[in-house]
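Student: Give the three-dimensional model of this entry:
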Amino acid sequence: MNSSHKNSPQQHQCDSLIYFFNRYKENPSIQALTQHFNITKQSGRYQQLIELYEKSIPAIEHLLWDNELNTHELKKYQYLFHELEALYSNKTIDKRHHFIIAIPVADRPQHVRQCLQSLLNLCKLYNYGGLIDSSYAKLQVLIADDSKQLKNQQANRQLAEEFTTLGIKVEYFGAIEQQAIIKKYKNSDEQLDNIIGNITADAFYHKGASITRNITYLKLNELRNPNQPNLFYFIDSDQEFQVKIKTQTDEVDVYAINYFYYLDKLFSNKTIDVLTGKVVGDPPVSPAVMAGNFLEDLITFVSRIATYEKHANCEFHQHDAHNADDAAYHDMADLFGFKPSIESFQYNCMIKGQHDHAQCFTELCNNLSQFFDGEHPTRKSYYEHEDVVANIKPARTIYTGNYVFNENGLQYFIPFANLKLRMAGPVLGRIIKSDIGERFVSANLPMLHKRTVQAIKQSEFRPGVEHQANTIDLSGEFTRQFYGDVMLFSMQSLTELGYPHSQVSSKKISAIVANTINSMKEKYSTKHDDNISKINHLKAIVNKPQHWWNTSTGLNNAILNITSFIQNIEFNFGTDAKVYSQLFSASSIEKYQTEITAALLSYTSDKIHWDNLLKAKSA
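Tutor: Residues are numbered from 1 along each chain as shown. Okay, the predicted model is just below:
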C-alpha cells in the first residue's frame, strides 16, 4: 500500500470520525462509540481502530439519512473511508477482495465513458484498496465489446487505454480476444453452442448480451488470482456508480455508496456465492411492458395541465409524490408478486427556476420519444437508505446489470443465451435459487440507470429498437420480451417440479411451455385492448381544439413531438400494431415453443459440459 500512510494509530488522522462524533454527540450510540474510540486510540493496534471505524460507519449513515443528506456531511462521510484505507495501508496483508468488473457493451462508447468516469469518481471519493503505482490496487475492469461498428470498437479500445492512464486498470476484450479464448476453450463438437453460440468470425458482433457475458465468464476464469479472494462484478454500460435521491424540492445524483467496501464486507462475513443489486433512475424493463401505465400518467398530466393558465407558474413540482419501487413501472407487476398500481403517477417537472406551464408542457413533449428507449418520465425509482449488511434478503432474480459472484458463481452461466430473449436474469435467478438457496441474496446496492445519452436524447444502440425517420419500431424487443416472459414463467413452473435437479419429461416441458404461451398471450392481449382505449383517450384530450396548446402560437414543436409520440405508440401498441400478429401467429408460436422446449431439455447437459470445462481449465 501507499507508504506515505505508515504511522501509528496515535498519529493517525481521524478528523472525519471525530467530526461526526462531535456533530452527533447527543446520540447514545455515538456516545458509546466515542468512549470506545478514546480507549482504542491509545491501544496502538491498527486492527482495533479498523473495527471501530466499521462499527461507526453504519451508525453515522443512519444519522446522515435521518435528515436530508447535505453536501458537506456527504464529503465528510466519504473521507471517513480515506481514513479507513490509511489504516489498512499499515497492515502487512490486506485480505479484502479484489474486484474484476465486467462491462458488456455493444456500440455504446458514450455510455461506457460515463460508466468508467463514474467508477473513477467513486474510487477517488472512497479510495477502496488504495493506490499502488498510481493505480487502484484492488480492482480491474474488462470491457467485453460486442460492437458492430469499427469506430465504436476503436473508441472502446481507446477508453480502456485512457482510463488505465487515469488509475483504473482497464482491459479491452473485443472480437479478436473473444475468438481466441473460445478457440482455447471450445472443443470441436457443439457442446457449448447453447452457451456461447456458434458465430463465424465475419459476423462476430451483436451476438447478444447473454452470449457476450458467457464468453466473458471464460475470461474471468483465467483472470482469477488464486493468491487473493476474487469477486466478479457485472454491470451494464448504461449505469453509473451513484444513486438518485429525492430532496424536498428536487432530485439529485450522488456518490452515496461505497460499493466495494460493502460487497467485500458481505462476501467476507456472510455465506454468499451470488449477490444481486438493483437500479435506481430509469426502469430496468422494456417499454413493451410499460406503455399502459405511462399512457395513464400522461392522460393525467395533459388533463390537469389543461385546467391551468398557460403562463401561470408551474404547478408540477411535487417531488415527494411517489417512488416507483416494487415494479410500479411494469404493466404486469402482479406477475412478479407485486400489487399492480391502481393510481396514476404525477409528472414532476425537471425545469429549474421560475417557469410557466407552457415551458413545462414543452419540456415533457420534447422528451417523450425517449420512452421508446426505456425511459419512464413519471415512474423513476429513487434510493432509500437502509443498513446494507443488516438488510440482505433472499433473492430469486438476477439483475444482469448489477450482480456479483465469487469463484463458485462462475458455474452459473446465463442460460439459453442463444435464444437472445429478454428476462435472462430472472430465469437464471430461479435456477440459482433452486440450487444454492440462502447463498443467493439481494442487497440494497443499486446503481444509477440512464437509458439514454442526454446529448442525443436516445440510446446509442438498443437491440430490437429500430429508429427509422419518424418511426420507432419496438417489434424486435417486444418479441424478445414476450417470449422471454414465456421462458421465465415456464422455468418457474418447472422449478416447482424440482427442475433442473429432477428430470422432467420432454412431453411435460412442452406442455408447460404451451400453457405458458397461452397464459401470456391472454395477458398481453388484455393489455393491448387496454392500451387501445388509453391511446384514444389521450388523443381526444391532446387534440381538443379549445385547449390552450391548440389555441396559441409558439408551441408548434411541442405539439409536433407529442403527436409523433402518439403515432409511435399507435404503431407499436395500437389497433393495427403489427407486432401482435407476429407474436401470436401459429408459425411464431410453433417456432418458439419448439426452441424453448429444446433449450430447457438441454440445460442439464449444457451445465455438465460447462462445469467440466471450467474444471479442466483450472486444473
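Student: surely residue 191 meets residue 609?
Tutor: Yes. Using C-beta atoms under 8 Å, residue 191 makes contact with residue 609 at a distance of 4.3 Å. All C-beta atoms are positioned from the backbone trio N, CA, C, and that covers glycine.
Student: roughly how far is stretch 16-27 from the heart of the chain?
Tutor: Relative to the centre of its chain, stretch 16-27 is centred 35 Å away, using C-alpha atoms, centre = their mean, to the nearest Å.
Student: quick one: the helices in the stretch 451-600 of the chain?
Tutor: Remark: helices assigned in the stretch 451-600 of the chain by DSSP state H, counting those that start in this stretch are 475-495, 506-542, 556-573, 578-584, 586-618.
Student: Next, the buried residues of the last one.
Tutor: When you say that, I think you mean helix 586-618. For helix 586-618, the neighbour count (16 or more other C-beta atoms under 10 Å) marks 588-589, 592-593, 595-597, 599-600, 602-603, 606-607, 609-610, 613-614 as buried.
Student: same check, this time on the longest one
Tutor: Taking 16+ other C-beta under 10 Å as the neighbour-count basis, helix 506-542 is seen to contain the buried residues 509-510, 512-514, 516-517, 519-521, 523-524, 527-528, 530-532, 534-535, 537-538, 542.
Student: circling back: would a markdown table of the helices of the stretch 451-600 of the chain with mean pLDDT be doable?
Tutor: Shown next, in a markdown table, are those (pLDDT from 0 to 100):
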| stretch | mean pLDDT |
| --- | --- |
| helix 475-495 | 94 |
| helix 506-542 | 96 |
| helix 556-573 | 95 |
| helix 578-584 | 91 |
| helix 586-618 | 90 |
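Student: Which of these sits closest to residue 231?
Tutor: Residue 231 lies closest, by C-beta to C-beta, to one member of those: helix 586-618, at 17.0 Å.
Student: picking that back up, relative to residue 126, which of the helices of the stretch 451-600 of the chain is closest?
Tutor: Of all those, helix 586-618 comes closest under C-beta to C-beta, at 32.4 Å.
Student: nearest to residue 84, of the helices of the stretch 451-600 of the chain?
Tutor: That would be, of those and by C-beta to C-beta, helix 586-618, which comes in at 33.9 Å.
Student: Give me the angle between that closest one and helix 475-495.
Tutor: For helix 586-618 against helix 475-495, the angle by axes from the mean of the first three to the mean of the last three C-alpha atoms, to 10 degrees is 70 degrees.
Student: and the angle for helix 586-618 with helix 506-542?
Tutor: 120 degrees.
Student: Tell me which other helices or strands helix 586-618 touches.
Tutor: helix 193-196, helix 209-223, helix 475-495, helix 506-542 (3 or more C-beta pairs under 8 Å, 6 or more residues apart in numbering; DSSP states H and E).
Student: tell me how far the shortest one is from the chain's mean position?
Tutor: The reference is to helix 193-196. Distance of helix 193-196 from its chain centroid, counting by C-alpha atoms, centre = their mean, is 24 Å.
Student: Pull the residues that contact it.
Tutor: Residues outside helix 193-196 that contact it (C-beta atoms under 8 Å, 6 or more residues apart in numbering) are 182, 186, 211, 214-215, 218, 413-414, 416-418, 599, 602, 606, 609-610.
Student: Bridged to residue 240, which residues?
Tutor: In this structure, residue 240 bridges to residue 448 when assessed by DSSP bridges.
Student: Correct me if wrong: it contacts residue 448.
Tutor: Yes. Residue 240 lies in contact with residue 448 (C-beta under 8 Å); the separation is 4.4 Å.
Student: Touching both of the two, which residues are there?
Tutor: Shared contacts of residue 240 and residue 448 (C-beta under 8 Å, 6+ apart): 118, 253.
Student: looking at the helices and strands packed on helix 586-618, which is closest to residue 106?
Tutor: helix 209-223 (7.6 Å).
Student: returning to that earlier point: please convert the helices of the stretch 451-600 of the chain to a markdown table, extending it with distance to residue 145.
Tutor: Output for the helices of the stretch 451-600 of the chain, formatted as a markdown table (distance: least, C-beta to C-beta, whole Å):
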| stretch | distance to residue 145 |
| --- | --- |
| helix 475-495 | 21 |
| helix 506-542 | 34 |
| helix 556-573 | 30 |
| helix 578-584 | 30 |
| helix 586-618 | 23 |
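Student: Identify whichever of those helices lies nearest to residue 249.
Tutor: Comparing these against residue 249 with C-beta to C-beta, the closest turns out to be helix 556-573 (24.9 Å).
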